[in-house]
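build me a structure from this.
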Amino acid sequence: MNKLISTVSPHFHTSRSTQMIMLDVIIALAPAEIAAAIIFGWRALLIVAVCAGTCVLSEFLFEKLCKKENTISDLSAVVTGMLLAFNLPVTIPIWQAMLGSVIAIIVVKQLFGGIGQNFANPAITARIIMLVAFSGDMTKWIAPGGFFTDVNASTSATPLVAMTNSTDMPSYLDLFLGNCGGSLGETCSLALILGGGYLLVRRVISWHTPVAFIGTVALMSLVCGKDVLGQVLSGGLLLGALFMATDYATTPNTKWGKIIFGVGCGLITILIRFWGNYPEGVSYSILLMNILTPYISKLTRSKPLVGGVEE
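Below is the predicted model:
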């Protein structure tokens, strides 16, 4: 007996399963994880493992409690945990990393119906909640110290803070290789570009949103007389544009929708970076544009022709 299954759009027919797509994302994130361990030490690996493990466990227990089908095998919880970890400083207390992981999976993802039905990116939302709740710990940056980095070392400014305060900026080479302070997964531009390139080659993501996002930040930086390359290589721009603004569930599914989404993220990022009280705006920009995604998708959706006339 055939069963009719009703689900929310978008409806894509592909030979690739969710598990295969998420595995590609994990592979793409691997260079940034290796770079984080080299730059910030063994504790970077611990934080990634804690966040990923807590996300998987949270999903398993919630679905068990609610008697829902178990979905941990699709690897989406692992990806959420890795992305959240990449948005945290190496000094973050372990219990806070665990709490953020629980928020990402249960509050942002599962309470809205699970994968594909959450209105906002779980990792981004959890990071913003953690910024509000634990602002001191979430903005405690230290300079890179290799595999045995001392997490109790004196604090260090991130490149964006240095630009805002007109203090010594790292060289472009340091920004490209990640030899600067920041969150675990955002400092090494080389690793992020390699991962993003892999996702593009594998056709897991398209170019529209990343190019629109990064291009808007670059263009507006040029117009405002700022350091264009410094703005692109600093902060969470590459991490956000390549790995979080391309999330299937929370971003538009049309080509023009993706471009509008990327441009919107870029404009909000610039507004916060240049005129806000906070040096970074990538997370907030993606969350705000996530909220507008249904309207962007509706605006850019192809309209059917009826009798040769567009409805």
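
need the nearest residue in space to residue 196, chain neighbours excluded.
residue 242 (3.6 Å; CB to CB, 6 or more residues apart in numbering). Quick note: C-beta positions are derived from backbone N, CA and C, even for glycine.

roughly how far apart are that neighbour and residue 57?
27 Å (CB to CB, to the nearest Å).

quick one: contacts for the most centrally placed residue in the chain?
By CA atoms, centre = their mean, the chain has its centre lying nearest to residue 244, at 3.3 Å. Residue 244 makes contact with 83, 121, 123, 124, 286 under the criterion CB atoms under 8 Å, 6 or more residues apart in numbering.

the second one against residue 290, yeah?
Yes. Under the criterion of CB atoms under 8 Å, residue 121 is in contact with residue 290, at a separation of 6.1 Å.

hang on, the earlier thing: and residue 242 and residue 57? which has more neighbours close in?
Higher neighbour count among residue 242 and residue 57: residue 242, with 25 against 17, using other CB atoms under 10 Å.

was I right about that one contacting residue 194?
No. With contacts defined as CB under 8 Å, residue 242 does not count as touching residue 194, sitting 10.2 Å away.

picking up where we left off before, distance to residue 230 added to the contacts of residue 244, as TSV?
Shown next, in TSV, are these (distance: CB to CB, whole Å):
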residue	distance to residue 230
83	24
121	26
123	25
124	23
286	21
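
output those in TSV, with neighbour count, secondary structure and distance to residue 174 appended to each entry.
Listed next are the contacts of residue 244 as TSV, based on neighbours: other CB atoms under 10 Å; DSSP: H, G, I helix; E, B strand; the rest coil; distance: CB to CB, whole Å:
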residue	neighbour count	secondary structure	distance to residue 174
83	28	helix	24
121	29	coil	29
123	31	helix	26
124	27	helix	26
286	29	helix	26
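
in a markdown table, list those residues along with pLDDT.
Listed next are the contacts of residue 244 as a markdown table, based on pLDDT from 0 to 100:
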| residue | pLDDT |
| --- | --- |
| 83 | 97 |
| 121 | 94 |
| 123 | 95 |
| 124 | 95 |
| 286 | 96 |
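
quick check: the farthest pair among the residues you listed?
83 and 286 (11.2 Å; CB to CB).

tell me how far stretch 238-254 lies from the chain's centre.
8 Å (CA atoms, centre = their mean, to the nearest Å).

which residues in the stretch 151-300 of the chain form helices?
159-164, 172-177, 189-201, 208-223, 228-233, 237-239, 255-275, 282-300 (DSSP state H, counting those that start in this stretch).

wait, which of the contacts of residue 244 is closest to residue 173?
The closest of the contacts of residue 244, once distances to residue 173 are taken by CB to CB, is residue 83, at 26.3 Å.

now that closest one. Nearest residue, chain neighbours left out?
Residue 83 sits nearest to residue 123 (CB to CB, 6+ apart), 3.8 Å away.

need the helices of the stretch 151-300 of the chain in JSON lines (columns: distance to residue 143).
Below are the helices of the stretch 151-300 of the chain laid out as JSON lines (distance: least, CB to CB, whole Å):
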{"stretch": "helix 159-164", "distance to residue 143": "12"}
{"stretch": "helix 172-177", "distance to residue 143": "11"}
{"stretch": "helix 189-201", "distance to residue 143": "17"}
{"stretch": "helix 208-223", "distance to residue 143": "25"}
{"stretch": "helix 228-233", "distance to residue 143": "17"}
{"stretch": "helix 237-239", "distance to residue 143": "20"}
{"stretch": "helix 255-275", "distance to residue 143": "22"}
{"stretch": "helix 282-300", "distance to residue 143": "22"}
